[in-house]
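Undergrad: For reference, the sequence and a predicted model appear below.
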Amino acid sequence: MDFDFSPLRDNWQYLLGGLGYTLALSIATVVGSFILGLAIALARLYGPGWLRKLLIFYIDSMRAIPVLVVLVWTYFALPLLFGISLPPFWAALVALIAHISAYVAEIIRAGIESIRLGQIRAALALGMSRAQLTRKIVLPQALVRMMPAFGSIISITIKDTAIAVVIAVPELMKRAETLVGQTYRPIEIFTVVALIYFALLFPITRLIDRLYQRIAHLGRS
């Protein structure tokens, strides 16, 4: 079988333009998921009972439904049910944040609950408020313990952006599919796309692991 990489040489700017969309969608999703996941975790731990039940249902639902279903529902069902029509990029962003924040919330909850009760009781005995306790004692240690899990979430998020192809977001995978349809060179194009994802994800995961190894002692109690 002959390999022909000339379509990639001729269209590399077009393909890398899709990488820009992938990075933008990934960064926005990671930031949004962390903010929403933190709010959900704190509300589940310290909120009223009725709110905890609602959040548990939300978390379990999002973890039980495939992200592709969430994406398609967000893009096609919201206009029909609520009259809310989102552009493809924003629909993908909302769907990914809604889905991934459920996993982030569980990671944060587990990290917070891993802190020894002795520290919490000592802080309360010293007169610290629940907010001060969470901000100054619990979260600094819990965030260090959560770093390996967050590394996995970042990797999953970047890869999950590829599903945005189904609603025509012009990210890396969508542009790769377009080139395949024009050039009939799927092996060459998708091999290069796989290498791009690897070149993007491998340094991120290694960096997070090395950083965790250096500061892991800060999370021990």
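TA: Cool, the structure landed. Because the structure is predicted, anything quoted here is derived from the model rather than measured.
Undergrad: just for this protein, where's the confidence low?
TA: Along the chain, segments meeting pLDDT under 70 span 1, 219, 221.
Undergrad: how about the helices in it?
TA: 6-10, 12-46, 49-64, 67-72, 78-82, 88-113, 117-125, 130-133, 139-160, 172-183, 186-215 (DSSP state H).
Undergrad: Highest mean neighbour count across the ones you listed, which stretch is it?
TA: Among these, helix 88-113 has the highest mean neighbour count (mean count of other CB atoms under 10 Å), at a mean of 22. Using the backbone N, CA and C atoms, a C-beta is placed for each residue, glycine as well.
Undergrad: Can you spell out which helices and strands pack onto that helix?
TA: helix 12-46, helix 49-64, helix 67-72, helix 139-160 (3 or more CB pairs under 8 Å, 6 or more residues apart in numbering; DSSP states H and E).
Undergrad: Just give me the neighbour total for F3.
TA: F3 has 8 neighbours, counted by other CB atoms under 10 Å.
Undergrad: That one touches V192, doesn't it?
TA: No. Look at F3 against V192 with CB atoms under 8 Å: they stay out of range, at 11.0 Å.
Undergrad: For burial, what's the neighbour tally of L218?
TA: Other residues near L218 number 12, with proximity taken as other CB under 10 Å.
Undergrad: can you pull the contacts of the closest residue to it other than its chain neighbours?
TA: Computed as CB to CB, 6 or more residues apart in numbering, the closest residue to L218 that is not its neighbour in sequence is V144, at 4.9 Å. For V144, the residues meeting the contact criterion (CB atoms under 8 Å, 6 or more residues apart in numbering) are Y212, I215, A216, L218, G219.
Undergrad: who touches the third one in this structure?
TA: So the one you mean is A216. If a contact means CB under 8 Å, 6+ apart, then A216 has V144 as its contacts.
Undergrad: Please tell me how far it sits from N11.
TA: For A216, the distance to N11 (CB to CB, to the nearest Å) stands at 44 Å.
Undergrad: Report the contact partners of the residue nearest the centre of the chain.
TA: Most central in the chain under CA atoms, centre = their mean is T157, positioned 3.8 Å from the mean C-alpha point. Taking CB under 8 Å, 6+ apart as the criterion, T157 is in contact with S26, T29, V30, S33, L96, I100.
Undergrad: Distance check, the residue nearest to the fifth one when sequence neighbours are not counted against L211.
TA: When the adjacent residues along the chain are set aside, L96 lies closest to T29, with 4.4 Å between them (CB to CB, 6+ apart). As defined by CB to CB, T29 lies at a distance of 21 Å from L211.
Undergrad: now A164
TA: Per CB to CB, A164 is found 29 Å from L211.
Undergrad: so can I have TSV of the contacts of T157 showing distance to W50?
TA: Converted to TSV, these look like this (distance: CB to CB, whole Å):
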residue	distance to W50
S26	35
T29	29
V30	30
S33	24
L96	28
I100	25
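Undergrad: returning to what we had before: got a markdown table for the helices and strands packed on helix 88-113, with distance to Y184 too?
TA: What follows is these, written out as a markdown table (distance: least, CB to CB, whole Å):
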| stretch | distance to Y184 |
| --- | --- |
| helix 12-46 | 16 |
| helix 49-64 | 39 |
| helix 67-72 | 26 |
| helix 139-160 | 26 |
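Undergrad: and for stretch 128-139, what are the contacting residues?
TA: When contacts are taken as CB under 8 Å, 6+ apart, the neighbours of stretch 128-139 outside the stretch itself are L42, Y46, I112, I115, Q119, I120, A123, L124.
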